[in-house]
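>>> have a look; sequence and predicted model below, questions after that.
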Amino acid sequence: MSEDISWLANLNESVWGWLSALRVSGHPGWVRHCKEGALFEPGIRRGLGTSCLALKIIHMLGLYDRLEVGELADWTQHIQSFQRGWGFTAGFFEDPLTIDPADRGKPLFQYDFVVRRAETRQACATLMMVDSAPHYPVTKIPRTPQQVRDYIHELDWTTPWHAGSHVGHLLFFFNMNNKKFDRHGDADKLIPIVMEELEKLHNPETGGWYSQSPSMEQIVNGAMKVLTGYAALGVPFPNPEKLIDTCLTAANDMDGCHNADIVLVLEHCCRITRHRRAEVEDFLLKRLENIRRFYRADGGFSYWVNKAQTNYYTAEISRGLPESDVHGTILFVWGIVMAGEVLGYNQQHGWRLPVT
């Protein structure tokens with residue numbers, strides 16, 4: 001195994017060197033998307049996504065000791081500052097970089113909650129990862145059993161990658177509101193309703209959650225989104241063996257999201273079962289070799305082979321040059337660390353999983 005993963009030995013130093021060049025001196029939490037082709041500069045009200053993703057990279061690689069004294073606290077406060085405390089979107093984290101293009105063209109007083117939910121979940125998870133919390137609970141979500149059922153039924157489960165993400169967000173917010181803001185009633189009453197509805201959508205032949213006949217890519221990536229919800233609650237999920245069988249027949253290696261999604265599903269399944277463990281480990285070792293294709297001489301990873309990520313949600317964020325970017329780097333570092341949980345090499349490198 002050491003020969004297969006030897007290229008990871010210098011990962012901490014290379015990623016830290018690259019990430020250091022993206023940080024804005026004197027402004028903890030201000031992080032550029034990439035070095036050369038970035039289309040925006042971070043600031044007081046811009047760059048929430050890159051700030052959260054960069055801090056997760058630091059967490060996973062165990063690089064907190066590289067930060068200056070007090071920098072983590074200031075970074076945390078920077079992320080918290082994006083949360084709205086009043087108005088129609090109170091409780092959500094909003095960055096004009098992503099929110100403005102998402103809201104553009106919508107009627108007055110109608111807002112894009114798809115992007116808001118995703119950005120808010122990312123920010124809250126990052127804060128919880130560093131033993132902090134948002135200032136306010138997230139309350140603009142279903143609050144009654146019927147609202148929960150309607151919310152889930154209105155999602156398009158023929159595309160479970162999208163639908164699963166919204167259920168994952170919902171479970172995360174219920175759990176976070178409970179833990180950080182003592183909203184036990186919502187959690188106790190509504191989480192069982194979500195689980196009942198997921199059970200109806202679960203396919204025992206593949207282990208996924210969906211309707212009709214989506215592609216293998218959709219089944220795997222959709223399962224990833226649902227599993228993050230189960231993980232937030234710390235409860236087991238059904239048929240991990242079937243999910244392993246499904247993953248071992250899939251490719252999912254086109255970009256950072258696809259790689260991270262399939263590795264997460266396998267890692268979560270391996271927490272419950274040793275089904276086909278030797279094949280899973282072989283699959284993950286081969287996946288590490290695939291990830292290596294995205295590793296760049298500048299020290300990080302590009303979202304696509306030889307091309308930085310160009311869009312983050314609906315926002316244009318880079319020119320797509322052949323360089324590393326923050327989103328690509330977190331996804332591939334995350335894949336490496338998740339594989340390490342199964343293969344048993346994380347402890348020697350000081351790596352650990354993030355809160356998602």
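Now that the structure is in, tell me what you want to look at.
>>> only C-alpha atoms from now on, for both contacts and neighbour counts.
OK.
>>> next one: the residue in the chain sticking out farthest from the centre from H135, what distance?
Here the chain reaches farthest from its C-alpha mean at L108, the gap being 30.7 Å by C-alpha atoms, centre = their mean. Using C-alpha to C-alpha, to the nearest Å, L108 is found at 27 Å from H135.
>>> same check, this time on W157
33 Å.
>>> compare the two (neighbour count), which wins?
Taking other C-alpha atoms under 10 Å, W157 and H135 do not tie; W157 has more neighbours (21 against 15).
>>> distance check, that one against H258.
Distance from W157 to H258, by C-alpha to C-alpha: 19 Å.
>>> kindly list the longest helix within this protein.
In the chain, with assignment by DSSP state H, the single longest helix is helix 160-181.
>>> helices and strands around it, which ones?
When contacts are defined as 3 or more C-alpha pairs under 8 Å, 6 or more residues apart in numbering; DSSP states H and E, helix 160-181 sits against helix 113-129, helix 184-201, helix 216-233.
>>> quick one on the thing from earlier: return the per-residue confidence for the residue farthest from the centre of the chain.
Predicted confidence (pLDDT) at L108: the value is 74.
>>> can you report how many residues neighbour K179?
With other C-alpha under 10 Å as criterion, K179 counts 13.
>>> same check, this time on the one 5 residues further on
Burial of H184 is recorded as 14 neighbouring residues (other C-alpha under 10 Å).
>>> these two touch, right, it and I191?
No - using C-alpha atoms under 8 Å, H184 makes no contact with I191, being 10.5 Å away.
>>> how about low-confidence regions in the chain?
1-4 (pLDDT under 70).
>>> tell me where it has helices.
11-20, 48-60, 71-80, 96-103, 113-129, 145-153, 160-181, 184-201, 216-233, 240-247, 256-270, 277-291, 326-343, 346-349.
>>> now render these as TSV, adding distance to E41.
Converted to TSV, the helices of the chain look like this (distance: least, C-alpha to C-alpha, whole Å):
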stretch	distance to E41
helix 11-20	15
helix 48-60	11
helix 71-80	15
helix 96-103	10
helix 113-129	18
helix 145-153	36
helix 160-181	28
helix 184-201	39
helix 216-233	30
helix 240-247	39
helix 256-270	23
helix 277-291	28
helix 326-343	14
helix 346-349	32
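>>> circling back to that earlier point, out of the helices and strands packed on helix 160-181, which one sits most buried?
Among these, ranked by average contacts under mean count of other C-alpha atoms under 10 Å, first place goes to helix 216-233 (a mean of 23).
>>> helices or strands up against that one?
In terms of contacts (3+ C-alpha pairs under 8 Å, 6+ apart), helix 216-233 is packed against helix 160-181, helix 240-247, helix 256-270.
>>> can you put these in CSV and add distance to R117?
Listed next are the helices and strands packed on helix 216-233 as CSV, based on distance: least, C-alpha to C-alpha, whole Å:
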stretch, distance to R117
helix 160-181, 7
helix 240-247, 27
helix 256-270, 18
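>>> sorry, back to before: now the angle from the longest helix of the chain to helix 113-129?
Using axes from the mean of the first three to the mean of the last three C-alpha atoms, to 10 degrees, the direction of helix 160-181 lies 50 degrees away from that of helix 113-129.
>>> and for helix 160-181, what are the contacting residues?
117-118, 121, 133, 136-138, 141, 152, 155-157, 183-184, 186-187, 190-191, 194, 209-210, 214, 218-230, 232-233 (C-alpha atoms under 8 Å, 6 or more residues apart in numbering).
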